[in-house]
Structures are given as structure tokens and as C-alpha cells.
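K.L.:
For reference, the sequence and a predicted model appear below.
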Amino acid sequence: MAVKVMQRQLSAVSGTSNSTLVSINAAFLQEIKDVHTELWDLLAGARDMCKHKLRSENDEHRLAADMEELRDLFALQFSLEEGFGYFDNPAFVDMNIAKRAEDLKNDHQYLYCEICEICDWIDKLRHHRRLPLKLKDVDIRFESFCDQLMKHEARENELIFDSFNNDIGSGD
Ligand SMILES: [Fe+2]
């Protein structure tokens with residue numbers, strides 16, 4: 001048991017520390033991801049739309065509206081994750097988990113800013129009637145966003161898995 005505790009680098013949080021340490025509630029974080037299927041369906045639809053020609057103003061309107069809905073769903077998703085899946089200053093900290101949790105929590109702001117910028121860009125392109133011409137560029141940027149999002153999700157899922165294992169390991 002003592003070896004296990006040593007291996008997991010458990011450290012009591014110092015009351016004099018100025019830095020905020022972050023941990024996760026693995027069960028809540030997992031549940032938030034499981035229930036938000038609307039976001040993942042909309043994301044798949046938007047990716048698909050960016051790969052096909054926009055044949056009418058209605059198509060352009062639909063792409064812009066879906067991207068804006070996606071942006072709002074990401075705002076909701078990230079705020080739910082940060083409100084219920086992450087928490088600051090736990091009583092005991094696994095330093096490995098804390099570092100990874102802090103990095104992942106910080107990813108949210110960058111990802112949200114990027115989807116906001118993509119929405120603004122689409123709006124400007126529509127305003128100048130250049131969206132059909134620039135759709136390939138929009139697709140490339142949106143795919144880059146999706147790639148970073150998927151990496152974030154994979155790392156968050158690994159963190160959930162490791163956090164569950166740590167909880168089970170500390171039960172004996
Ligand atoms: Fe996340």
C-alpha cells in the first residue's frame with residue numbers, strides 16, 4: 001500500500017502555496033461527454049458540409065447557422081466540464097493528474113476562441129459573397145480545429161481513465 005501511494009506521487013496541498021492545483025471528477029466529466037450527443041452530431045454534419053459545394057444562399061445560411069450553433073454548444077460543453085468535471089484545490093493531489101488537468105482545462109479557451117473566429121470569418125465571407133470561393137480554406141481551418149479538438153478529447157478520456165484507476169487503486 002505504501003509503495004502504491006509513493007508511486008502515485010500523492011502530495012498534500014500546502015496551505016501556503018500560491019498556485020491553484022486542478023483535479024477532475026472523473027465520473028461527472030465522463031457523464032457530461034456521454035450525454036452531449038447533439039454536439040458531436042452537429043460537428044459531423046458541419047465537417048461534411050464544408051466538403052461539399054455550396055449551391056445556394058440557403059446552403060450558405062445553413063453552414064453559417066450550424067457553425068454558430070456548434071460554437072454555442074461548445075460554450076455549453078466547456079462550461080459544464082469546467083463547472084462539474086474539473087475542480088480546484090483538491091485535498092490531495094496526484095501531481096501527474098494535476099498537470100494534465102490544468103493543461104486540458106486551459107485548452108478550452110483556445111478551442112472556443114478558434115470556433116468563434118471561424119464563425120466570424122464565415123460571416124465576413126458571406127458578407128463579401130466569397131464563401132463559396134473560399135470554402136476549401138474554411139474546410140482546412142475547420143479540419144485543423146477538429147484535429148486539435150480530437151486530440152484534446154483523447155487526452156481528456158485518458159485522464160478520466162487514469163483518474164478512475166487511481167481511485168480504485170487507493171481503495172485497498
Ligand atoms: Fe474538455
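P.N.:
Right, received. Where do you want to start?
K.L.:
Write out the residues of this protein neighbouring the ion.
P.N.:
Residues of the chain lying near the ion by CB under 5 Å from the ion: Glu81, Glu156. For the C-beta atoms, the positions are set from N, CA and C on the backbone; glycine is no exception.
K.L.:
Okay, strands next: where are they in the chain?
P.N.:
In order along the chain, the chain carries the following strands (DSSP state E): 10-12, 22-24, 86-88, 92-94.
K.L.:
Pull out the buried residues from the third one.
P.N.:
Judged by neighbour count using 16 or more other CB atoms under 10 Å, the buried positions of strand 86-88 are Tyr86.
K.L.:
do the same with stretch 98-108
P.N.:
The neighbour-count criterion (16+ other CB under 10 Å) identifies Ala98, Arg100, Ala101, Glu102, Leu104, Lys105, Asp107, His108 as the buried residues of stretch 98-108.
K.L.:
could I get these as JSON lines with pLDDT?
P.N.:
JSON lines is the format used below for those (pLDDT from 0 to 100):
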{"residue": "Ala98", "pLDDT": "93"}
{"residue": "Arg100", "pLDDT": "95"}
{"residue": "Ala101", "pLDDT": "95"}
{"residue": "Glu102", "pLDDT": "95"}
{"residue": "Leu104", "pLDDT": "97"}
{"residue": "Lys105", "pLDDT": "96"}
{"residue": "Asp107", "pLDDT": "97"}
{"residue": "His108", "pLDDT": "97"}
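K.L.:
circling back: of the strands of the chain, flag the one that's most buried.
P.N.:
strand 22-24 (a mean of 22; mean count of other CB atoms under 10 Å).
K.L.:
on contacts alone, who are the packing partners of that one?
P.N.:
Counting contacts by 3 or more CB pairs under 8 Å, 6 or more residues apart in numbering; DSSP states H and E, strand 22-24 packs against strand 86-88, helix 95-127, helix 131-169.
K.L.:
Dump those into JSON lines; add distance to Gly45 as well.
P.N.:
Supplementary listing: these in JSON lines, determined by distance: least, CB to CB, whole Å:
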{"stretch": "strand 86-88", "distance to Gly45": "28"}
{"stretch": "helix 95-127", "distance to Gly45": "15"}
{"stretch": "helix 131-169", "distance to Gly45": "12"}
